[in-house]
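Trainee: What would the 3D arrangement of this be:
(2 chains)
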Amino acid sequence: MISLAQSISKTNLKVTVLSGLGIFLLIIGIFSLSQGAFAISLSQSISVLLSEIGIQLSDFSSQQANVLLQIRLPRILLATLVGGGLGISGAALQGLFRNPLVEPGLIGVSSGSALFAVIFLVFAPTTLALSWIQNLGMPLFAFLGGLIHVVAVYLLGQSSNKTNTNNLILAGVAINALAGALIGLTLFYSDDAAIRSFTFWSLGDLGGATWEKMPTATILIAIPSLLLFSQSKNLNAISLGEQEAFHMGINVPALKVKLLLITALIVGVAVSLTGMIGFVGLVVPHLIRISFGADHKLLLPASFLLGATLLNVADLLARTIAIPAELPIGVITALLGAPFFIYLISNFNSSKN
Amino acid sequence: MLAASNIHFCIKQRPIVDQASLSLKAGEVLAILGPNGAGKSTLFKILSGEVSCKHGSVGYNGCPIHNLKSKQLAEIRAVMPQHSQVNFPFTSQEVVELGLVACKTNKPQQLIKEVMELTQTSHLKERVFNQLSGGEKQRVQLARVLVQIWENKPFPRYLLLDEPTSALDIAQQHSVLQIVQELKNRNIGVLLILHDLNLAAQYADRIILLKNGIIAGCGETSEVLQEGILSKVFEHPVTIMVHPITGRKIISTDHFYSNPSKNLKPIQYGNSF
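Mentor: The predicted model follows:
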């Protein structure tokens, strides 16, 4: 792959990789529209989509159109946003901490968001009839939880003004354990229904996707992701070291705060919408880096696209393996991600020696 | 001019740098020498702006360092730390490009090309940085810090190097320091920390000797490199000879040849002495 990357010039490589990943995502998306418990053929799926913009192709029933537009399409869009958000956050955090082991789950963003989301689930007054408060309140609350955790982990990982990665990871483990305990404690005081919904949610669940959730998801994931793209140059600089980045003229403390805020927002919102989905934020940036190099100008957008694709594939499998039942998506991402990751590590080591 | 006056820096009441003053002009190579723990690295960090110092002042071209934003500072001075790790598979060219990350220039490619030619790294540009040899890595890092201040500006620029030759073989050491010498006619002043006295003798215009945080000697290279003061500062016998062809000073640290000068107090040099 490196030789491929070398033979094409840099801008061309970027355009090729991004459009390739984009087309792949589109194909996966359209294919997953046609798959599921309710039979809709691929051509019918495409004609339903096209009829929305006024082009009539083949016939389809209104029931098929409803399933497609009200259930499957929002679900695929949500998978795209959440998967992309997790991918790009993972890439940004790995760059910020100059450590390829970092992922949103490891440094406590996910568990912090989960804790606050659970607290919101259990204790928020159900009398709140206004659904937009539910729609916006939970993501913001989850963001707050993620932010508190990531700041705590970050501060514990600092020693004499520099980030000590060992401390950081140990602090992440400790904070994750604490969050797990507090989630358990919260569930202890909640009813059976909440526990059941949490169990499913803790392994990730895209089943709750509706059009009502889309504005929140779009604004709070897509816009911060665009903000991350604009930081690619700074992320490149800080991957040489905090000291070096300062020497090169980067305001390092401000950059760290900015990146932590943005990633906590993306992951917090993603967790509040779909639960904890592991491995996407860890595996995706690795894959891109090993295949196309470490330049964040390509790494960030490519991680978004590949994360979105991966989560769509995982969701497709989760929906179709045990029709009509659904597997939790976190199970699929871990089943796909973990062996692949092990393969990558062993391959990476052997190519190095 | 890079000017520092009366720098005083303590950690837990213990002075690390004690009332140090120095200056560096553009077109000059200034070497800081001294034993381990003399405070060289701390002084270096204070000069580069990485550590802020409450007592004393540091100024670049007449402007106090605390009034300069990191971006402005980056236009005036570039810094090469002793060890730079690159954890991700960046190519050499990408590493060099990073030097320009905060600089505004309308000819980045030309600057990159020039510094990579100067540091003889052009042929490495597609290679992954982490797979290079120690000497190649050091030259690529040198290219990265050079590109930051390479463009001709109306004001003098400064390059600070922390032991740039520490991990290199003899030929590489000289090739790095020869590159440094070529900066003199580009309105750039160079400050470097060195351990090798002979390299300092060969390449430095001026030398500062640091011992226990105090400047023990400062001046033209030939003035400072004297047997007495070197033996005292390094607590090791030093003999100075003259190279038969170049006529430059050669500093020997061999016990056998040691001939402590009169003003040197007897020092315990271990059993062999």
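Trainee: Show me what residue of chain A gets nearest to chain B.
Mentor: Of all residues in chain A, A:Gly249 sits closest to chain B, at 2.7 Å by C-beta to the nearest C-beta. The C-beta positions use only the backbone N, C-alpha and C, and glycine is treated the same way.
Trainee: tell me how far the helix or strand hosting B:Gln181 is from the chain's mean position?
Mentor: Using DSSP states H and E, B:Gln181 maps to helix B:170-182. Here helix B:170-182 is found 12 Å from its chain centre; the criterion is C-alpha atoms, centre = their mean, to the nearest Å.
Trainee: Could you do stretch A:220-235 as well?
Mentor: Between the mean C-alpha point of stretch A:220-235 and the mean C-alpha point of its chain there is a distance of 14 Å (C-alpha atoms, centre = their mean).
Trainee: Give me the pLDDT for residue 1.
Mentor: No chain in the question, so chain A it is. As predicted, A:Met1 sits at a pLDDT of 44.
Trainee: um, chain B though
Mentor: Model confidence at B:Met1, given as pLDDT, is 89.
Trainee: In contact with it: list those residues for me.
Mentor: With contacts taken as C-beta atoms under 8 Å, 6 or more residues apart in numbering or on different chains, B:Met1 has the following neighbours: B:Ser23, B:Leu24, B:Lys25, B:Ala26, B:Gly59, B:Asn61, B:Gly62, B:Pro156, B:Gly189.
Trainee: Name whatever forms a beta bridge with the second one.
Mentor: What it means is B:Leu24. Using DSSP bridges, the bridge partners assigned to B:Leu24 are B:Leu2.
Trainee: So which residues on chain A come close to chain B?
Mentor: Taking C-beta under 8 Å from any C-beta of the partner chain as the measure of proximity, chain A contacts chain B at A:2, A:6, A:95, A:98-100, A:233-234, A:236-237, A:239-241, A:243-244, A:246-252, A:289-290, A:293-295.
Trainee: For burial, what's the neighbour tally of the residue nearest to A:Gln35 when sequence neighbours are not counted?
Mentor: Closest residue in space to A:Gln35, ignoring its immediate chain neighbours: A:Thr320 at 5.4 Å, by C-beta to C-beta, 6 or more residues apart in numbering or on different chains. Residues within reach of A:Thr320, counting by other C-beta atoms under 10 Å in any protein chain shown, total 15.
Trainee: so A:Thr320 makes contact with A:Gly36?
Mentor: Yes - using C-beta atoms under 8 Å, A:Thr320 is in contact with A:Gly36, at 6.6 Å.
Trainee: any chance of the contacts of B:Met1 in TSV, with pLDDT too?
Mentor: Supplementary listing: the contacts of B:Met1 in TSV, determined by pLDDT from 0 to 100:
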residue	pLDDT
B:Ser23	93
B:Leu24	94
B:Lys25	92
B:Ala26	91
B:Gly59	93
B:Asn61	92
B:Gly62	91
B:Pro156	93
B:Gly189	94
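Trainee: Serialize those to a markdown table and add fields for neighbour count and distance to A:Ile40.
Mentor: Formatted as a markdown table, the entries for the contacts of B:Met1 read as follows, by neighbours: other C-beta atoms under 10 Å in any protein chain shown; distance: C-beta to C-beta, whole Å:
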| residue | neighbour count | distance to A:Ile40 |
| --- | --- | --- |
| B:Ser23 | 15 | 79 |
| B:Leu24 | 24 | 75 |
| B:Lys25 | 14 | 78 |
| B:Ala26 | 19 | 74 |
| B:Gly59 | 17 | 73 |
| B:Asn61 | 15 | 71 |
| B:Gly62 | 8 | 74 |
| B:Pro156 | 21 | 72 |
| B:Gly189 | 23 | 73 |
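Trainee: between the residues you listed, which is nearest B:Ala171?
Mentor: Of all those, B:Gly189 has the smallest distance to B:Ala171: 25.9 Å, by C-beta to C-beta.
Trainee: tell me the contacts of the closest one?
Mentor: Applying C-beta under 8 Å, 6+ apart to B:Gly189 gives the contacts B:1-2, B:24-30, B:156-159.
Trainee: Same check on B:Tyr203?
Mentor: With contacts taken as C-beta under 8 Å, 6+ apart, B:Tyr203 has the following neighbours: B:Val29, B:Ala31, B:Leu177, B:Gln178, B:Val180, B:Gln181.
Trainee: Next, give phi and psi for it.
Mentor: Per-residue torsions, B:Tyr203: phi -110, psi -20 (degrees, to the nearest 10).
Trainee: Can you give me the distance of it to A:Thr186?
Mentor: Relative to A:Thr186, B:Tyr203 is positioned 67 Å away (criterion: C-beta to C-beta, to the nearest Å).
Trainee: cool, and A:His149?
Mentor: The spacing between A:His149 and A:Thr186, counted by C-beta to C-beta, is 15 Å.
Trainee: Show me which of these two is the more surrounded one.
Mentor: Set side by side, A:His149 and A:Thr186 give different neighbour counts by other C-beta under 10 Å, the larger being at A:His149 (28 against 19).
Trainee: Spell out which helix or strand contains that one, please.
Mentor: Counting by DSSP H and E, the secondary-structure element that holds A:His149 is helix A:131-156.
Trainee: Quick check: buried residues in that helix?
Mentor: For helix A:131-156, the buried set under the neighbour-count rule, 16 or more other C-beta atoms under 10 Å in any protein chain shown, comprises A:134-136, A:138-154, A:156.
Trainee: Torsion angles phi and psi at whichever residue of the stretch 101-250 of chain B sits closest to chain A?
Mentor: Using C-beta to the nearest C-beta, the closest approach of the stretch 101-250 of chain B to chain A is made by B:Ala102 at 3.0 Å. Taking degrees, to the nearest 10, you get phi -110, psi 10 for the backbone angles of B:Ala102.
Trainee: can you check the one 5 residues further on too?
Mentor: Geometry field for B:Lys107 lists phi and psi as phi -140, psi 60, criterion degrees, to the nearest 10.
Trainee: State the number of residues packed around it.
Mentor: By other C-beta under 10 Å, the residues close to B:Lys107 number 10.
Trainee: now the one 3 residues further on
Mentor: Burial of B:Gln110 is recorded as 12 neighbouring residues (other C-beta under 10 Å).
Trainee: Ok, the one 5 residues further on next?
Mentor: By the other C-beta under 10 Å criterion, the neighbourhood of B:Val115 contains 24 residues.
Trainee: how about the strands in the stretch 151-273 of chain B?
Mentor: For the stretch 151-273 of chain B, the strands defined by DSSP state E, counting those that start in this stretch occupy B:157-162, B:188-193, B:206-211, B:214-220, B:239-242, B:249-252.
Trainee: What parts of chain B come near chain A?
Mentor: Counting by C-beta under 8 Å from any C-beta, the residues of chain B lying close to chain A are B:48-50, B:69-75, B:78-79, B:81, B:84-91, B:94-95, B:98-99, B:101-103, B:126, B:128, B:145, B:148.
Trainee: And A:Ser291, how close does it get to A:Phe229?
Mentor: 19 Å.
Trainee: ok, now which ones touch B:Leu209?
Mentor: B:Leu33, B:Gly34, B:Ile215, B:Ala216, B:Gly217, B:Cys218, B:Val224, B:Ile229, B:Leu230, B:Val233.
Trainee: Show the pLDDT at the residue lying closest to A:Leu316 once chain neighbours are set aside.
Mentor: In space, not counting the residues next to it along the chain, A:Leu316 is nearest to A:Ser32; the distance is 4.3 Å by C-beta to C-beta, 6+ apart. We have a pLDDT of 89 for A:Ser32.
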